[in-house]
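[1] Pasted the sequence and its predicted model underneath.
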Amino acid sequence: MKGSEIYIHLKMESYLAEWVYCHFGNPVRLLKDGVESNLLKRMISELPEGAVPDTERDGNVKVAIPYYKEKDPRVFNYLSQRAKEMLVESFESLFKVNMFSELSSLNNINCSKTTVIYAYCEKHNISSEHWETIRQKYYRYLQ
């Protein structure tokens, strides 16, 4: 799906922003028929009267609005705050599935969890400063 040069801006935790950019590009280009693209397609609307257009100050992740046959991004380029939260939650869910599938498959190797989590962060362009966050998320996901 060809993306436009019209963007929405999402606010998310920095480890998640790094992971999203690693997997979807910078700016983010959503996968055709992916969950996030379908969610955006359903929730995007025209800018309501009195609303202010989205700016980079509104978030730390820039998402290109794809061209949808029935919704041209030059007209349909507004996403409500709750719809933005839904999109961030969807990315968070993708992250958790990826993290769990990759880290749990390494449970029985002869390496420390610390080394495994640092390697996961490197692979997905997540800054090492987020190591503890990833560790906590992984252990919470196990429970």
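    Now that the structure is in, tell me what you want to look at.

[2] Could you tell me which ranges of the chain sit under the pLDDT cut-off?
    1-3, 107-108 (pLDDT under 70).

[3] max-length strand in the protein?
    strand 3-10 (DSSP state E).

[4] How far off centre is that one?
    Offset of strand 3-10 from its chain centre (CA atoms, centre = their mean, to the nearest Å): 13 Å.

[5] again with stretch 80-93
    Relative to the centre of its chain, stretch 80-93 is centred 9 Å away, using CA atoms, centre = their mean.

[6] now do stretch 68-79
    20 Å.

[7] End to end on that stretch, go ahead and measure it.
    15 Å (CA to CA, to the nearest Å).

[8] Strands along the chain, start to end?
    3-10, 45-46, 61-66, 76-78.

[9] about what we covered before: which other helices and strands contact the longest strand of the chain?
    Applying 3 or more CB pairs under 8 Å, 6 or more residues apart in numbering; DSSP states H and E, one finds that strand 3-10 makes contact with strand 61-66, helix 81-104. C-beta coordinates here come from the backbone N, C-alpha and C atoms, glycine included.

[10] Buried deepest among the ones you listed, which one?
    Highest mean neighbour count of these: strand 61-66, a mean of 22 (counted as mean count of other CB atoms under 10 Å).

[11] Take that one, keep the C-alpha atoms, and write them as PDB.
    What follows is strand 61-66, C-alpha atoms only, in PDB (Å, rounded to 0.1, in the frame of the first residue of the first chain):
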ATOM      1  CA  VAL A  61       6.200   8.400  16.300                       C
ATOM      2  CA  LYS A  62       5.300   9.600  12.800                       C
ATOM      3  CA  VAL A  63       2.800   7.300  10.900                       C
ATOM      4  CA  ALA A  64       2.200   7.900   7.200                       C
ATOM      5  CA  ILE A  65      -1.500   7.700   6.400                       C
ATOM      6  CA  PRO A  66      -1.900   5.200   3.600                       C
END
